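Chemist: Any chance you could fold what I've pasted below:
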Amino acid sequence: MKLFLTCRTALSALATAALVTGALVGSPGAATAAELDAIHFLIPGGAGGGWDGTARGTGEALTKAGLVGTASYENMSGGGGGKAIAHLIETAKKQHGTMMVNSTPIVIRSLQNVFPQSFRDLTPIAAVIGDYAALVVNEGSPVQSFGDLLDIYKDNPRNLSVGGGSVAGGMDHVVAAMIFKSAGAEPTKVKYVPYDAGGKAMAGLLSGEIKALSTGLGEALDMAKQDQVRIICVTSAERLADAPEVATCKESGADAEFVNWRGFFGPPDLPAAQKAAYIAVLEKMYATEAWETVRSRNGWANIFKPGPQFLTFLEGQEKQIGDLMRELGFL
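Modeler: This is a model prediction of the structure:
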């Protein structure tokens, strides 16, 4: 079973946005020029997770490349991401200098009614990167391959605890279920242990609370390089240049492919000029050495879906994920 939730790099013409941005930056006293001097990133989860890494990595690249003066960060956990979304909406008029990072879970959790809002209540800025999913075990684990995990499941599904940095039925759960289903297992029998954000889930793996972790490749790469975890398989179609030693889940016996987008949203009713400025500065970021350093370090795939393209993509993903979750029994 394959789930394609990615998009090709689409650095489509944004000449109008770039011209608008350039005019604003060159205009004394223009609000957008002043706000581009400093971007505030709102992160709907705790430190150490995928959202945290994406926001801080993007801020690092933008500032080191000289595209943005300073970047600040605010972690706001709670409600599966709903607390930060509600805060952005309720304080919208004060948040024109803020971009909130999010990803596939905003679609999943809205479908589950974890929170009442959806991406339609925000201003979609752009999808920026894709992060493949991975199954990870503690470096000291006897598990050496996905086949070993599957053997534990076949012996007794209750002996295989798979954790993730999302609620039950959330993205990490859906991905784990999809991988095991693709290998012939019953997805609803996979024991899933939810954590609030990826950092806590990784801590659970390292402490031995869980046998395996369903997470983003970017969250696991650094830990693997430090010999703290072992990446069992990754949900890419082929082995990745940034992690050539990691087997794909497909070659490991689970015909599953998945990539999670991550991107940014502004508050509702964000002025069009501000939105255009954000889109233009993110597009310019891709050509910088600072961004390539961040991207390769995390094993991210470059994707770019600005503005209306992002909204159309989200609507399509909402239907695709909804169908999959119903098939797996999560809706």
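Chemist: residues contacting Thr293?
Modeler: By C-beta atoms under 8 Å, 6 or more residues apart in numbering, the contact set of Thr293 is Ala61. In short, each C-beta sits where N, CA and C put it, glycine included.
Chemist: host element of it?
Modeler: helix 289-298 (DSSP states H and E).
Chemist: Show the average pLDDT along that helix.
Modeler: Helix 289-298 shows a mean pLDDT of 93.
Chemist: Tell me the helix or strand right after that helix.
Modeler: In N-to-C order, the element after helix 289-298 by DSSP H and E is strand 301-306.
Chemist: Now whatever helix or strand comes next after that next one - C-alpha only, PDB.
Modeler: Downstream of strand 301-306, the first helix or strand assigned by DSSP H and E is helix 307-328. C-alpha atoms of helix 307-328 as PDB (Å, rounded to 0.1, in the frame of the first residue of the first chain):
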ATOM      1  CA  GLY A 307      -0.200  30.100  -1.300                       C
ATOM      2  CA  PRO A 308      -3.000  28.900  -3.400                       C
ATOM      3  CA  GLN A 309      -1.100  25.800  -4.500                       C
ATOM      4  CA  PHE A 310      -0.600  24.900  -0.800                       C
ATOM      5  CA  LEU A 311      -4.300  25.300  -0.100                       C
ATOM      6  CA  THR A 312      -5.200  23.000  -3.100                       C
ATOM      7  CA  PHE A 313      -2.700  20.400  -1.900                       C
ATOM      8  CA  LEU A 314      -4.100  20.500   1.600                       C
ATOM      9  CA  GLU A 315      -7.600  19.900   0.300                       C
ATOM     10  CA  GLY A 316      -6.500  16.900  -1.700                       C
ATOM     11  CA  GLN A 317      -4.500  15.500   1.200                       C
ATOM     12  CA  GLU A 318      -7.500  15.800   3.500                       C
ATOM     13  CA  LYS A 319      -9.500  13.500   1.200                       C
ATOM     14  CA  GLN A 320      -6.700  11.100   0.800                       C
ATOM     15  CA  ILE A 321      -5.900  10.800   4.400                       C
ATOM     16  CA  GLY A 322      -9.500  10.600   5.400                       C
ATOM     17  CA  ASP A 323     -10.000   7.600   3.100                       C
ATOM     18  CA  LEU A 324      -6.900   5.900   4.500                       C
ATOM     19  CA  MET A 325      -7.900   6.400   8.100                       C
ATOM     20  CA  ARG A 326     -11.300   5.000   7.500                       C
ATOM     21  CA  GLU A 327      -9.700   1.900   5.900                       C
ATOM     22  CA  LEU A 328      -7.500   1.500   8.900                       C
END
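Chemist: what residues does helix 307-328 touch?
Modeler: Counting by C-beta under 8 Å, 6+ apart, 3, 5, 7, 10, 12, 104, 107-108, 110-112, 119, 124-127, 169, 174, 177-178, 181, 187-188, 261, 263, 275, 279, 305, 331 sit against helix 307-328.
Chemist: Go again with 6 Å.
Modeler: With C-beta atoms under 6 Å, 6 or more residues apart in numbering as the test, helix 307-328 has contacts from 5, 7, 107, 111, 119, 124, 126-127, 177, 187, 279, 305, 331.
Chemist: And the chain, what are its domain boundaries?
Modeler: Following automatic domain parsing, one finds the domains of the chain at 15-131+260-328, 133-234.
Chemist: now, which of the contacts of helix 307-328 lie within helices?
Modeler: Using DSSP state H, the members of the contacts of helix 307-328 that fall within helices are Val107, Leu111, Ala177, Ile279.
Chemist: how much space between the second one and Phe264?
Modeler: Taking C-beta to C-beta, to the nearest Å as the criterion, Leu111 is separated from Phe264 by 21 Å.
Chemist: looking at the ones in helices among the contacts of helix 307-328, which has the most residues close by?
Modeler: Highest neighbour count within the ones in helices among the contacts of helix 307-328, by other C-beta atoms under 10 Å: Ala177, with 27 neighbours.
Chemist: So that one is in contact with Thr188, correct?
Modeler: No - using C-beta atoms under 6 Å, Ala177 makes no contact with Thr188, being 7.4 Å away.
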